[in-house]
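A.B. asks: take this sequence and fold it.
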Amino acid sequence: MSPREARAFACTLAREAVQLLREGAGQAHAVHHKAPGDWASELDLRIEDQLRQAHRQDLSPSRFLGEEGGANGTNKDFVWVVDPIDGSMNLLRGYPQYSVSIALLQRDEPIAACIADPCRGEVFSAALGQGATVNGQPLAVARTAALRQAMAATVFPKPHAPFMDAYLARFGAVINEVAGVRRSGSMALELAYLAAGRVDVFW
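C.D. replies: Here you go, the predicted structure:
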């Protein structure tokens with residue numbers, strides 16, 4: 001499968017997952033607390049299972065690695081990496097910032113990916129040598145010249161993370177040097193926004 005074909009396949013899978021997400025948003029779902037501040041829902045598992053089934057129907061040999069259900073397949077050269085809902089807590093609370101994230105790695109290097117935002121109808125995708133787009137339009141990073149003018153984005157560690165104190169010290173240093181810091185709860189979308197020039201820095 002070429003990077004271009006992998007990108008198209010990833011976006012097909014992501015759009016199918018988005019349909020399930022839209023159908024399930026606003027409904028009550030059983031919640032599994034994996035760790036403090038780290039939730040997964042029945043909907044996460046349902047979407048990942050659908051993506052896993054679609055992967056099995058694809059004829060190209062590859063491995064599947066899902067955040068909730070782990071890995072299947074033995075091919076280590078090509079691995080699909082899937083987060084069925086990046087921002088599960090946001091979804092469960094009705095906060096409109098979550099996404100489906102799918103990527104294909106070839107020998108641990110990303111060659112194609114798709115991030116779909118059900119709330120805004122945006123589909124970000126990229127393929128090795130083919131550039132990155134949102135809804136088919138080319139992306140470009142921001143050209144902000146000075147850190148003082150930059151908007152940064154971050155993801156907070158989970159509660160009780162052993163490196164929390166070091167992170168908070170770094171957060172304090174950053175927030176004093178940039179124009180603003182945002183934390184939405186979907187790392188995949190923050191990285192897509194970095195590629196789209198909507199934020200200048202992510203850490």
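
A.B. asks: ok, Ala196 - contacts?
C.D. replies: By CB atoms under 8 Å, 6 or more residues apart in numbering, the contact set of Ala196 is 124, 134, 139-141. (Each C-beta comes from the backbone N, C-alpha and C, glycine too.)

A.B. asks: OK, contacts around the residue nearest to Gln130 when sequence neighbours are not counted?
C.D. replies: Counting by CB to CB, 6 or more residues apart in numbering, the nearest residue to Gln130 once its immediate chain neighbours are dropped is Arg4, at 5.8 Å. Residues near Arg4 by CB under 8 Å, 6+ apart: 112, 127, 130.

A.B. asks: what helix or strand is Arg4 on?
C.D. replies: Assessed by DSSP states H and E, Arg4 sits inside helix 3-24.

A.B. asks: now that helix: how far from the chain's centre is it?
C.D. replies: Offset of helix 3-24 from its chain centre (CA atoms, centre = their mean, to the nearest Å): 12 Å.

A.B. asks: next SSE after the strand or helix carrying Ala132?
C.D. replies: Assigned by DSSP H and E, Ala132 falls within strand 131-134. Once strand 131-134 ends, the next helix or strand along the chain (criterion: DSSP H and E) is strand 137-138.

A.B. asks: and that next one, which strands flank it?
C.D. replies: strand 131-134 (antiparallel) (DSSP bridges).

A.B. asks: contacts for the partner strand, please.
C.D. replies: Against strand 131-134 from outside (CB under 8 Å, 6+ apart): 122-126, 138-139, 192, 195-196.

A.B. asks: now the helices for the chain?
C.D. replies: 3-24, 42-57, 88-93, 164-175, 187-195 (DSSP state H).

A.B. asks: for the shortest one, give the mean pLDDT please.
C.D. replies: So that's helix 88-93. Averaging pLDDT along helix 88-93 yields 85.

A.B. asks: about what we covered before: top of the contacts of strand 131-134 by neighbour count?
C.D. replies: Ala192 (27 neighbours; other CB atoms under 10 Å).

A.B. asks: which residue packs closest to that residue, ignoring adjacent ones?
C.D. replies: Phe124 (4.1 Å).

A.B. asks: contacts only, for the one you found.
C.D. replies: 114-117, 132-134, 139, 192, 195-196.

A.B. asks: which parts of the chain belong to which domain?
C.D. replies: 3-138, 147-202 (automatic domain parsing).

A.B. asks: just give me the lowest mean pLDDT stretch among these.
C.D. replies: Mean pLDDT is lowest for domain 3-138 among those, at a mean of 81.

A.B. asks: and the contacts of Arg4, which are buried?
C.D. replies: Buried members of these, scored by 16 or more other CB atoms under 10 Å, are 112, 127.

A.B. asks: ok, the contacts of Arg4 vs Gly87, which is closest?
C.D. replies: Distances from Gly87 to those, taken as CB to CB, are shortest for Ala112 (21.8 Å).

A.B. asks: find the residue closest to the closest one in space, skipping its chain neighbours.
C.D. replies: Ala6 (3.6 Å).

A.B. asks: counting neighbours, what do you get for the one you found?
C.D. replies: 26.
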